[in-house]
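Visitor: coords please:
(one chain, ligands or ions: 1)
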Amino acid sequence: MTRKATLTDIDAIKEIADKNRDSIGFLIRPAIEASISKSECLVNITDDKIVGFVRYHIRKDGICKIYEIVISKEYRRRGLGKSMIRSIKLSNRRLLPIELKCPVDLDANIFYSSIDFKLISIDRGKKRLLNTWQLI
Ligand SMILES: CC(C)(COP(=O)(O)OP(=O)(O)OC[C@H]1O[C@@H](n2cnc3c(N)ncnc32)[C@H](O)[C@@H]1OP(=O)(O)O)[C@@H](O)C(=O)NCCC(=O)NCCS
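Guide: Okay, the predicted model is just below:
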């Protein structure tokens, strides 16, 4: 089940984020708190616990930017990541394009490609090359 995150979910989200620092970078608590307060963070609950989250921002121009999406290692390849993306779409009345940047070397690129995101550019980031993916 995917639902909106609440402030009591912060510890669990932070724990998952810390375990995935190599992929998503360092995520600070105030950033998690800010996204939850704006209703821009979802969590996936499986086996009665939080096993993943997605943080995003809907910009004024209507584009939904995903900041991070993570599913705990032992719960991957069960369709949970895909279902969180679907939930972002469903929870917003307007049909929004969803965009995100992903380092070119991550397996997550295969995930985006297989759930119909299109690669729109490859740019130089601070440390590595970044793919920009878009789902319309
Ligand atoms: C990216 C991530 C969120 C995907 O979550 P997930 O729940 O495992 O993805 P799903 O099960 O919904 O995958 C849907 C489809 O994407 C593809 N896919 C997902 N992960 C894949 C992988 N590692 N290798 C190849 N294909 C993959 C498959 O086609 C999969 O369908 P299938 O399992 O029926 O073949 C997860 O791998 C993750 O948390 N990775 C670490 C953090 C990260 O890199 N985040 C993104 C930073 S930009």
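
Visitor: what is the neighbour count of the residue in the chain that the ligand sits nearest to?
Guide: Residue of the chain nearest the ligand, by C-beta to the nearest ligand atom: residue 81 (2.5 Å). (Each C-beta comes from the backbone N, C-alpha and C, glycine too.) Neighbourhood size, residue 81 [other C-beta atoms under 10 Å]: 21.

Visitor: which other residues reach the helix or strand containing it?
Guide: In this structure, residue 81 is located in helix 80-91 according to DSSP states H and E. Helix 80-91 has contacts (C-beta atoms under 8 Å, 6 or more residues apart in numbering) with 2, 4, 42, 44, 46, 51-54, 56, 64, 66, 69, 71, 95-96, 98, 111, 115, 135.

Visitor: try 10 Å
Guide: 1-4, 39-40, 42-46, 51-54, 56, 58, 64, 66, 69-72, 75, 79, 95-96, 98, 100, 108, 111-112, 114-117, 135 (C-beta atoms under 10 Å, 6 or more residues apart in numbering).

Visitor: near the ligand too, which of those?
Guide: 69-71, 79, 108, 111, 114-115 (C-beta under 6 Å from any ligand atom).
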